[in-house]
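Chemist: model the structure of this input:
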Amino acid sequence: MLADDPAVSIAAIAAEAGVDRRTVYRRFATREALLDAVYAARLDALERVVAEARLREAPVTVALHRYMEGVIAVNRAWPVELTRMRAEESIRARRNVLITEVDDFLRRAADEGLLRPGLPDGWAGGLLRQVMHLASHGLPALTPAQAADTAVDTFLRGLGAH
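Modeler: Numbering: from 1, shown residues only. Below is the predicted model:
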């Protein structure tokens with residue numbers, strides 16, 4: 001509900017959850033506390049995805065698929081607006097650790113010849129995030145694994161007929 005309407009009321013959220021709004025306020029004293037919990041849960045899930053993908057140890061294509069499949073599932077489960085993840089310092093710090101981990105992985109992918117050398121800094125990471133966003137939300141009929149198949153293929157091979 002917050003993804004669809006960031007201004008949605010706590011009463012509406014409570015009604016959708018099948019509880020009284022007082023129940024929500026007992027658990028989350030303020031709207032900000034509720035949002036903090038949502039972002040923390042999303043980050044917890046993303047940290048698990050990065051750990052389980054084994055970006056440092058697994059073969060690059062295996063790790064890439066695990067990572068994309070996991071992120072697609074997280075994006076679908078936690079479709080929150082990301083501006084706050086970039087703006088709030090405590091959230092941004094956790095997010096930046098994940099971005100560094102993925103950037104290191106993409107350098108490994110380039111060193112192993114899976115990505116073209118000489119791309120501008122940040123290009124591969126930015127493209128990866130955009131492909132995963134599109135796979136997360138633009139392929140709703142596919143499971144996260146199927147969407148990851150398409151996303152990995154597109155990321156590694158592009159759209160050309162070569």
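Chemist: all helices for the protein, in order.
Modeler: For the chain, helices defined by DSSP state H occupy the ranges 10-17, 21-27, 31-53, 60-77, 83-87, 89-111, 123-138, 144-157.
Chemist: these: which one's closest to Asp4?
Modeler: Across those, Asp4 has its closest neighbour in helix 10-17 (10.6 Å, CB to CB). From N, CA and C alone the C-beta is placed, and that goes for glycine too.
Chemist: would you mind getting the angle between that closest one and helix 31-53?
Modeler: For helix 10-17 against helix 31-53, the angle by axes from the mean of the first three to the mean of the last three CA atoms, to 10 degrees is 50 degrees.
Chemist: could you say what helices and strands helix 10-17 packs with?
Modeler: Where contact means 3 or more CB pairs under 8 Å, 6 or more residues apart in numbering; DSSP states H and E, helix 10-17 is packed against helix 21-27, helix 31-53.
Chemist: measure the residue nearest in space to the middle of the chain to Ala151 for me?
Modeler: Closest residue to the average C-alpha location of the chain: Val71 at 4.4 Å, with CA atoms, centre = their mean. Plainly put, Val71 is 9 Å away from Ala151 if you go by CB to CB, to the nearest Å.
Chemist: joint contacts of the two?
Modeler: Listed as contacting both Val71 and Ala151 by CB atoms under 8 Å, 6 or more residues apart in numbering are Met132.
Chemist: just name the most buried of the helices and strands packed on helix 10-17.
Modeler: Among the helices and strands packed on helix 10-17, the stretch with the highest mean neighbour count (mean count of other CB atoms under 10 Å) is helix 31-53, at a mean of 16.
Chemist: from the contact counts, what lies against that one?
Modeler: helix 10-17, helix 60-77, helix 83-87, helix 89-111.
Chemist: again, only this time at 7 Å
Modeler: helix 60-77, helix 89-111 (3 or more CB pairs under 7 Å, 6 or more residues apart in numbering; DSSP states H and E).
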